[in-house]
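*Asks:* the sequence and its predicted three-dimensional model are supplied below.
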Amino acid sequence: AIYQTAPSENHDSKKSSSLTRSSNEILPPLTAEARTKERPSFSKKITVKSGDSLANIFERHEISAGELQKLMKLDSISKEMKTLLPGEQLHINSNLKGELNNLRYVKSPVKILNIGKRGNTFDWHWELIEQERLASFASGLISNKNSSLYKAGKAYGLSDKLIMEVAELFQWDISFALDLRNGDSFSVIYEKIYVEGVEVGVGKILAASFSNMKKRFSAVAYENSEGKEDYYDVNGRPLRKAFIRDPVHFSHVSSSFNLRRMHPIHKKIMPHRGIDYAALKGTPVRAASDGNITNRSQNSASGKFIVIKHGKTYVTKYLHLSGFARGIYKGAKVKQGQVIGYVGATGWATAPHLHYEFLVNGVHRNPRKVRLPESDPIPEVEMESFRKILNPRIKQLKTISLQNYSSEDRTAKKFVSEETVSKKEDA
């Protein structure tokens, strides 16, 4: 169920026109002398397709390679435009000589880069976009019909992006491959972004809750006195912990930790010192915690595998991968949640899955049961400030929870907030 706020209707009717400005609005007008030199010029609106790069787009539209080289010499432009994504837009103005006059790169409705020719080089600036951010609400229910977070989220109207962010928020406490049960529920308060009264995207999660096996987990965004924002539970402890529970999102456990398992290939009792996560080939595999890669190799049994050492105490292993992510090599440092490889069926495997092992002081332990260190809570001097944000958010989450309704088939009453998270914000 989605409960969303409505944007303010007090904006000028003229502002409801297209969000795309003409090329003449991008930069100050050229001088008469420059106009004479540049005529005639042509403007093109290009939508980026899969496999496109700035180089092949320039080539298709007969813009000289020299102009591309000038652009790429500017570090900021090179960094932003090195990788173009499908759906992004380019507004290009060039002349018959293949010289670029100006370029407007629309990464999103709230992030637009303007580039203009100035002499033999280019000037650039980010366009300032006035935004309005309003709190919106969504909730969902795990059922026999919608047994995974993804299926339940889609059934109740959540976007893929929002479902993934909810999974990432609770990944330290809930195994979405093992722990979900019929009747579990979730609620989330998040930002919707509006530009000139038009909804253009989703912002950050402000608060969320997940009721799992009759235990309630909550998360509230809070910015501390040092300006650092993170998510905390109702006791002021960070949700972020030393290790995430599942290194593969939206999978299911096909084989648990079992020291007396019958091996599916060798047909004899062999210790299974890890957990198998069944998922589609190519599904991203993430590092369970910060650490250093001590081995990235391949053999007949494990297939392609990675070993990561986390400090002096912990080691994690990732087996049967189809491939390694870019920048993953022996000696490399990785961050928690970083993609290190992809699910496969290399080595002794009957189907695509990740075999995940967890070692403590060199001894294999069940990743689901091992006790992990906790993070430090919010300092006592900041708890009063934290509670001022926490209490109303928790009240809102309880109000919109689908656990208040006897059946997933019943429609919850629409809950509308008048709360404006941020009226104006520049990109």
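*Replies:* Structure's in. What do you need? It should be emphasised that the depicted structure is a prediction, and the values quoted were computed from it without experimental measurement. Numbering: from 1, shown residues only.

*Asks:* quick one: distance of the biggest helix by length in the chain to the chain centre.
*Replies:* Ranked by residue count under DSSP state H, the longest helix found in the chain is helix 383-400. Centre-to-centre, helix 383-400 and its host chain are 25 Å apart (Cα atoms, centre = their mean, to the nearest Å).

*Asks:* stretch 179-193 now?
*Replies:* 16 Å.

*Asks:* and for stretch 215-226?
*Replies:* Mean-position distance between stretch 215-226 and its chain equals 18 Å (Cα atoms, centre = their mean).

*Asks:* what do you get for stretch 75-85?
*Replies:* How far stretch 75-85 lies from its chain's middle: 19 Å, per Cα atoms, centre = their mean.

*Asks:* tell me the mean pLDDT for whichever strand or helix holds K44?
*Replies:* Per DSSP states H and E: K44 is located in strand 41-47. Strand 41-47 shows a mean pLDDT of 86.

*Asks:* and N224, what pLDDT?
*Replies:* Confidence score, pLDDT, at N224: 89.

*Asks:* what does the one 5 residues further on give?
*Replies:* pLDDT recorded at E229 is 93.

*Asks:* so the closest residue to G341 other than its chain neighbours is in which element?
*Replies:* Excluding the flanking residues, the one nearest G341 by Cβ to Cβ, 6 or more residues apart in numbering is L321, at 4.1 Å. C-beta coordinates here come from the backbone N, C-alpha and C atoms, glycine included. Taking DSSP H and E as the definition, L321 sits inside strand 314-324.

*Asks:* who touches the following helix or strand past that strand?
*Replies:* The helix or strand immediately downstream of strand 314-324 is strand 333-334, counting by DSSP H and E. Contacts with strand 333-334, where a contact means Cβ atoms under 8 Å, 6 or more residues apart in numbering, come from A287, D290, G291, N292, I293, I308, I328, I340.

*Asks:* what about 7 Å?
*Replies:* A287, D290, G291, N292, I293, I308, I340 (Cβ atoms under 7 Å, 6 or more residues apart in numbering).

*Asks:* which phi and psi does Y150 have?
*Replies:* Main-chain dihedrals, Y150, degrees, to the nearest 10: phi -70, psi -50.

*Asks:* could you report the distance from it to Y156?
*Replies:* 11 Å (Cβ to Cβ, to the nearest Å).

*Asks:* so those two - more neighbours on which side?
*Replies:* Y156 (20 against 17; other Cβ atoms under 10 Å).

*Asks:* any idea what the residue nearest to T346 when sequence neighbours are not counted is bridged to?
*Replies:* With sequence-adjacent residues excluded and distances taken as Cβ to Cβ, 6+ apart, T346 is closest to G303, at 2.6 Å. According to DSSP bridges, the partner residues bridging G303 are N299.

*Asks:* quick check: G303 vs I115, distance?
*Replies:* As judged by Cβ to Cβ, G303 and I115 stand 46 Å apart.

*Asks:* when these two are compared, which one has more neighbours?
*Replies:* Set side by side, G303 and I115 show more neighbours around I115, with 23 against 19, by other Cβ under 10 Å.

*Asks:* that's a strand at the more buried one, yeah?
*Replies:* Yes: residue state for I115 (DSSP: H, G, I helix; E, B strand; the rest coil) corresponds to a strand.

*Asks:* going forward, begin numbering at 335 instead of 1
*Replies:* From this message on, residue numbering opens at 335, which makes the last subject I449.

*Asks:* I'd say it and H459 touch.
*Replies:* No: using Cβ atoms under 7 Å, I449 is not in contact with H459, being 8.5 Å away.

*Asks:* let me see the ranges of the helices in the chain.
*Replies:* 366-372, 388-394, 399-406, 409-415, 483-489, 494-503, 717-734.

*Asks:* for the second one, packing partners?
*Replies:* The elements that helix 388-394 packs onto, with contact taken as 3 or more Cβ pairs under 7 Å, 6 or more residues apart in numbering; DSSP states H and E, are helix 399-406.

*Asks:* what comes up buried for the helix it packs on?
*Replies:* Burial within helix 399-406, assessed by neighbour count using 16 or more other Cβ atoms under 10 Å, is assigned to E401, L402, K404, L405.

*Asks:* also stretch 445-457?
*Replies:* I446, L447, N448, I449, G450, K451, F456.

*Asks:* please identify which pair of those lies farthest apart.
*Replies:* Maximum pairwise distance in those, criterion Cβ to Cβ, is 17.9 Å, between I446 and K451.

*Asks:* can you add mean pLDDT and give the helices of the chain back as CSV?
*Replies:* As requested, those are exported to CSV (pLDDT from 0 to 100):
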stretch, mean pLDDT
helix 366-372, 49
helix 388-394, 89
helix 399-406, 86
helix 409-415, 80
helix 483-489, 91
helix 494-503, 92
helix 717-734, 94
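
*Asks:* and these: which comes nearest E525?
*Replies:* That would be helix 494-503 among these, by Cβ to Cβ, at 10.6 Å.

*Asks:* low pLDDT regions in the stretch 485-634 of the chain?
*Replies:* Applying pLDDT under 70 to the stretch 485-634 of the chain picks out residues 584-586, 588-604.

*Asks:* what about the nearest residue to H395 once chain neighbours are set aside, neighbour count?
*Replies:* Take H395 and drop its neighbours on the chain: the residue closest to it by Cβ to Cβ, 6+ apart is K378, 6.1 Å away. Counted by other Cβ under 10 Å, the residues lying close to K378 total 14.

*Asks:* next: R515.
*Replies:* R515, neighbours per other Cβ under 10 Å, totals 12.

*Asks:* so it makes contact with S545?
*Replies:* No: using Cβ under 7 Å, R515 makes no contact with S545, being 9.8 Å away.

*Asks:* joint contacts of these two?
*Replies:* In contact with both R515 and S545: no residue, using Cβ under 7 Å, 6+ apart.

*Asks:* cheers, nothing more for now.
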